[in-house]
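**Q** generate coordinates for the sequence data below:
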Amino acid sequence: MPPPAAPPAPPSAPLLAPRGEPIREAPPPLPPLAAAMPREAPITLSAGAIAAAQTAPTKADKAAAKAEARAAAQAAKAETKAAAEFAKAAKAAAKGGSLAQAPALQIPQVRAKPRVVVPVAPALPPSHVLLRGPIAMGLTERKQELTLEQLGFRINTKIPLDVAWTEVKEIKPRRGRVTIRARNQWIVFGVPVEGVVEPTLAGPLVRVIEEAKTGDLDLSGSAFLDLQRSTDALENHFHDEDDPIIPAIVALVFLLSGAAVAALLPEALVLSTRSAVAPDQFLVDSRLASIDPRILVAAFSLAAMLAAGVVRIAMGQTGGIWARGTLRGWHPDRFGRTGHLARAGLARIVLSPAVAAGLLLAAFLLSLPSAREETIIDQFGIRLNKELPFFDETRGWSEVTDISTVPAPVNQHPEGFAVVFRFENKSTVTTLGHDLRGGTDKQLQRRATEWRDAAH
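**A** Residues are numbered from 1 along each chain as shown. So this is what the prediction gives:
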């Protein structure tokens with residue numbers, strides 16, 4: 001008869017008053033968290049876990065299983081040997097013409113013993129739920145659910161994370177996040193409030209988890225009430241710190257520094273990547289424009305980092321309180337939909353300097369190939385350095401078919417013209433719109449003409 005199915009885990013017991021006292025209402029639970037565990041509830045295991053523990057194999061069972069395996073191997077070996085002997089005897093009888101004298105095949109009989117099945121008990125057996133609520137994990141702050149139970153805690157990630165309290169070695173707040181060291185790894189998560197992680201709640205939640213680690217959680221105790229009070233006070237703190245001067249400062253620093261960096265960054269890239277100019281040599285630089293998308297992304301990413309730094313240094317925690325409250329929609333709607341989006345964008349700038357740093361690095365790396373592009377002109381020919389080194393090429397003066405000039409703005413070319421080189425393959429190289437180093441356009445035209453004539 002098969003064993004009965006394990007009953008489901010018992011539901012969470014309601015909060016009860018101690019014996020002999022009238023029933024009283026528990027304080028209202030924390031909005032994102034829900035608790036359901038009395039102090040007196042015993043630690044219980046599921047029937048499946050108890051059955052697994054009772055039917056666990058002993059040392060004698062394991063030894064019997066090994067003996068069975070050895071006996072089976074010996075039986076197979078004996079059967080193979082008997083078959084070989086029978087075939088040999090039958091062959092000899094066939095040669096002598098007495099097939100009836102061939103011995104019968106005798107296969108040793110080995111009694112098979114039943115297999116010992118080792119049941120596998122769950123890593124964390126079900127137990128009464130003490131507290132359940134949302135958490136945010138990872139760089140993207142993906143929303144998950146944390147469940148505190150009598151025997152451990154669970155997190156419903158893609159690969160469910162079940163950890164027993166006996167495996168937890170340390171619980172502490174760090175940089176506004178809860179960090180738990182268990183199984184030689186760190187489990188890090190934040191406490192979201194209306195979709196935004198609140199770093200000030202990490203400490204109170206750590207104290208709640210430490211109390212739950214003992215197998216019990218008092219909903220009227222100091223740890224849980226401190227977490228509840230801290231959550232309820234967030235909106236009041238925001239309204240106390242909600243000053244219109246904060247978004248004005250963030251916007252001013254962001255826009256002014258972004259425009260300044262966009263104007264200076266192309267020149268900085270040219271100065272940091274250009275080649276040295278030797279005597280009697282000319283260098284034509286290919287400068288990125290200030291309106292290039294890569295320059296704009298890099299410039300305003302750096303501006304966002306500067307704005308976030310100014311707010312954090314000048315205002316301390318006030319800037320963070322304002323930014324988080326703004327993203328939760330607690331601010332008054334003064335300028336309609338446009339004002340709401342603008343304030344939310346400025347709040348993101350204050351809270352996400354790491355994202356701005358990543359964008360800055362990506363834009364800078366994408367700008368380096370274009371900054372490498374340059375043309376070096378000397379007596380040996382014209383060397384064209386492309387975005388990537390394996391595209392570089394050198395053209396001799398014998399390939400130049402014409403050297404001419406075209407009108408050019410005086411602010412870039414003081415002599416009023418730029419030089420154009422034409423090659424046999426119909427391609428051209430010009431100084432128009434580029435920076436010429438090592439001399440003027442007139443000097444370049446004269447020397448290039450001399451070098452071409454000498455090559456022909």
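
**Q** tell me if I'm right that Val196 and Leu327 touch.
**A** Yes - here Val196 reaches Leu327: they are 4.9 Å apart, a contact under Cβ atoms under 8 Å. To be clear about C-beta, it is placed using only N, CA and C from the backbone, and glycine gets the same treatment.

**Q** pretty sure Arg334 is in a helix, no?
**A** No - per DSSP: H, G, I helix; E, B strand; the rest coil, Arg334 lies outside any helix segment and is coil.

**Q** could you give the number of residues near it?
**A** In terms of burial, Arg334 registers 9 neighbours under the definition other Cβ atoms under 10 Å.

**Q** state the distance from it to Gln443.
**A** Separation of Arg334 from Gln443 (Cβ to Cβ, to the nearest Å): 62 Å.

**Q** among the helices and strands of the protein, which has the poorest mean pLDDT?
**A** Within the chain, no helix or strand scores below helix 47-54, which has a mean of 40 by mean pLDDT, DSSP states H and E.

**Q** now the helices: where do they sit in the stretch 301-450 of the chain?
**A** Remark: helices assigned in the stretch 301-450 of the chain by DSSP state H, counting those that start in this stretch are 317-327, 336-351, 353-372, 441-455.

**Q** could you say whether Ile187 sits in a helix, a strand or coil?
**A** Assigned with three-state DSSP, Ile187 falls in the strand class.

**Q** surely it touches Arg177?
**A** No - when contacts are counted by Cβ under 8 Å, Ile187 is not listed as touching Arg177 (10.1 Å).

**Q** against Arg177, how distant is the most centrally placed residue in the chain?
**A** By Cα atoms, centre = their mean, the mean C-alpha position of the chain lies nearest to Leu139, the distance being 4.7 Å. Distance, Leu139 to Arg177, by Cβ to Cβ: 12 Å.

**Q** give me phi/psi at the residue nearest to the centre of the chain?
**A** Phi and psi for Leu139, reported as degrees, to the nearest 10, are phi -70, psi -30.

**Q** find the nearest non-adjacent residue to Gly203, please.
**A** Nearest non-adjacent residue to Gly203, counting by Cβ to Cβ, 6 or more residues apart in numbering: Pro173, 4.7 Å away.

**Q** what pLDDT does the one you found get?
**A** Looking at Pro173, its pLDDT is 92.

**Q** tell me the bridge partners for it.
**A** Under the criterion DSSP bridges, Pro173 forms beta bridges with Val178.

**Q** my guess is Arg437 contacts Val277. True?
**A** Yes - the criterion here is Cβ under 8 Å, and Arg437 meets it with Val277 at 5.3 Å.

**Q** those two: which is more packed in?
**A** Arg437 (17 against 14).

**Q** and that one, what does it touch?
**A** By Cβ atoms under 8 Å, 6 or more residues apart in numbering, the contact list for Arg437 reads Arg274, Val277, Phe282, Leu283, Val284, Asp285.

**Q** what is the most widely separated pair among those?
**A** Greatest spatial distance in those: Arg274 and Phe282, 12.7 Å, computed using Cβ to Cβ.

**Q** neighbour count: the two, which is higher?
**A** Phe282 (23 against 17).

**Q** and the more buried one, how far is that from Trp397?
**A** Phe282 sits 13 Å away from Trp397, going by Cβ to Cβ.

**Q** one step back: any common contacting residues for Arg437 and Val277?
**A** Residues within reach of Arg437 and of Val277 at once, by Cβ under 8 Å, 6+ apart, are Leu283.

**Q** tell me where the stretch 51-200 of the chain has helices.
**A** Remark: helices assigned in the stretch 51-200 of the chain by DSSP H, counting those that start in this stretch are 59-96.

**Q** what ranges of it fall below the confidence cut-off?
**A** Low-confidence segments of the stretch 51-200 of the chain, defined by pLDDT under 70: 51-65, 78-79, 82-84, 86-87, 89-123.

**Q** 50 instead, please
**A** Flagging of the stretch 51-200 of the chain using pLDDT under 50 yields the residue ranges 51-56, 98-102, 105, 107-108, 110, 112, 116-121.

**Q** Leu346 and Ile249 touch, don't they?
**A** No - Leu346 is beyond contact range of Ile249, at 9.4 Å (criterion: Cβ under 8 Å).

**Q** need the contact list for Gly381.
**A** Residues near Gly381 by Cβ under 8 Å, 6+ apart: Thr394, Arg395, Gly396, Trp397, Glu399.

**Q** in strands only, show me the residues you listed.
**A** Those of these mapping onto strands are Thr394, Arg395, per DSSP state E.

**Q** name the member of the contacts of Gly381 with the most neighbours.
**A** Highest neighbour count within those, by other Cβ under 10 Å: Trp397, with 21 neighbours.

**Q** contacting residues for it?
**A** Gly381, Ile382, Trp451, Arg452, Ala454, Ala455, His456.

**Q** surely Asp333 and Gly339 touch.
**A** Yes - if you go by Cβ under 8 Å, Asp333 and Gly339 touch, sitting 7.1 Å apart.

**Q** so which of the two has more stuff around it?
**A** Each of Asp333 and Gly339 has its neighbours counted (other Cβ under 10 Å); Gly339 has more, 14 against 10.

**Q** for Leu351, see how far away the more buried one is.
**A** In terms of Cβ to Cβ, Gly339 sits 19 Å off from Leu351.

**Q** now swap in Ala298 and tell me
**A** 21 Å.

**Q** of these two, who's got more company?
**A** For Ala298 versus Leu351, neighbours defined as other Cβ under 10 Å are more numerous around Ala298 (26 against 19).

**Q** contacts only, for that one.
**A** Val261, Leu265, Leu359, Leu360, Ala363, Phe364, Ser367.

**Q** thanks again, I'm all set now.
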